[in-house]
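>>> Dropping the sequence and predicted coords here.
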Amino acid sequence: AQKITQTQPGMFVQEKEAVTLDCTYDTSDPSYGLFWYKQPSSGEMIFLIYQGSYDQQNATEGRYSLNFQKARKSANLVISASQLGDSAMYFCAMRTNTGNQFYFGTGTSLTVIP
Amino acid sequence: ETGVTQTPRHLVMGMTNKKSLKCEQHLGHNAMYWYKQSAKKPLELMFVYNFKEQTENNSVPSRFSPECPNSSHLFLHLHTLQPEDSALYLCASSQALVGTSSQETQYFGPGTRLLVL
């Protein structure tokens, strides 16, 4: 069964607007971590934001925030005030305790339009 | 140098060749990872090392052989690969396998783009 699901293969957003990238996950572990990474065309994975399963508040890092809805098993990334440099692939990932596994979604390609 | 470095950045090899990918992290981390990224597929975790000991091998074919001589260096030895092994190979490291956000966050190198002919 797919552990991380990203249903939006491609998204477009106007510069300076906000955009939400969807991510749902599946695990029976009570303890897990959720991550978002950005991958520009150069290939390097850049860490953006982290949410722990026991964290009470949604994570925020600058223009990035994570909308964590535990009951729905969703961890959507919100990018506020989009910039042209935000155009990239975005991956949602999950770390589970069982077997020390790390799962990635298939990614969402974000294009910021000037 | 800082962060995670990988060499070579690009590699073309025949199916009978033997080559090695190198990864080095300058972050003082204890865990290191190899991933394979193929087109239109999720990133696949291949191997995990923690304090130089291999903790995970996700059913990777034996033509891929990892080596971790110390916590800062990780190698992936390649032998008799197939064309379907062509992909971007990413190395990552983290302070710990599991812990606080800063401890378990993985930091990635730029990757080696491998083409098998």
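The structure has been received and is ready for your questions. Residues are numbered from 1 along each chain as shown, chains lettered A, B, ... in the order given.

>>> hey, let's count contacts and neighbours off CA atoms from now on
OK.

>>> can you count the residues close to residue A:85?
Residue A:85 is flanked by 10 other residues according to other CA atoms under 10 Å in any protein chain shown.

>>> I should have written residue A:54 there, sorry.
Using other CA under 10 Å, residue A:54 is surrounded by 11 other residues.

>>> Nearest spatial neighbour of it, chain-adjacent residues omitted?
Beyond its immediate neighbours in the sequence, the residue positioned closest to residue A:54 (CA to CA, 6 or more residues apart in numbering or on different chains) is residue A:31, lying 7.1 Å away.

>>> and what of residue B:56?
Excluding its sequence neighbours, the residue lying closest to residue B:56 (CA to CA, 6+ apart) is residue B:48, at 4.9 Å.

>>> Can you name the residues that contact the one you found?
The neighbours of residue B:48, taking CA atoms under 8 Å, 6 or more residues apart in numbering or on different chains as the test, are B:31, B:32, B:33, B:34, B:54, B:55, B:56, B:57.

>>> Surely the first one is in contact with residue B:98?
Meaning residue B:31. No: under the contact definition of CA atoms under 8 Å, residue B:31 does not touch residue B:98, with a separation of 9.8 Å.

>>> Between the two, which has more neighbouring residues?
The residue with the greater number of neighbours, taking residue B:31 and residue B:98 and applying other CA under 10 Å, is residue B:31; the counts read 25 against 19.

>>> quick one: that one from residue B:95, how far?
For residue B:31, the distance to residue B:95 equals 6 Å [CA to CA, to the nearest Å].

>>> Now residue A:5, what are its backbone angles?
Main-chain dihedrals, residue A:5, degrees, to the nearest 10: phi -120, psi 120.

>>> who does it bridge with?
Partner residues in beta bridges with residue A:5: residue A:24, with DSSP bridges as the criterion.

>>> Tell me who's in contact with it.
Contact analysis of residue A:5 by CA under 8 Å, 6+ apart lists A:23, A:24, A:25, A:105, A:106.

>>> need the contact list for the residue nearest the centre of chain B.
When chain B is reduced to its mean C-alpha position, the closest residue under CA atoms, centre = their mean turns out to be residue B:34, at 2.6 Å. Neighbour list for residue B:34: B:45, B:46, B:47, B:48, B:76, B:89, B:90, B:91, B:92 [criterion: CA under 8 Å, 6+ apart].

>>> Same question for residue B:110.
Listed by CA under 8 Å, 6+ apart, the contact set of residue B:110 reads A:42, A:43, A:44, A:45, B:4, B:5, B:6, B:9, B:90, B:91.

>>> what's the pLDDT at it?
You'll see residue B:110 listed with a pLDDT of 93.

>>> so how far is residue B:41 from it?
18 Å.
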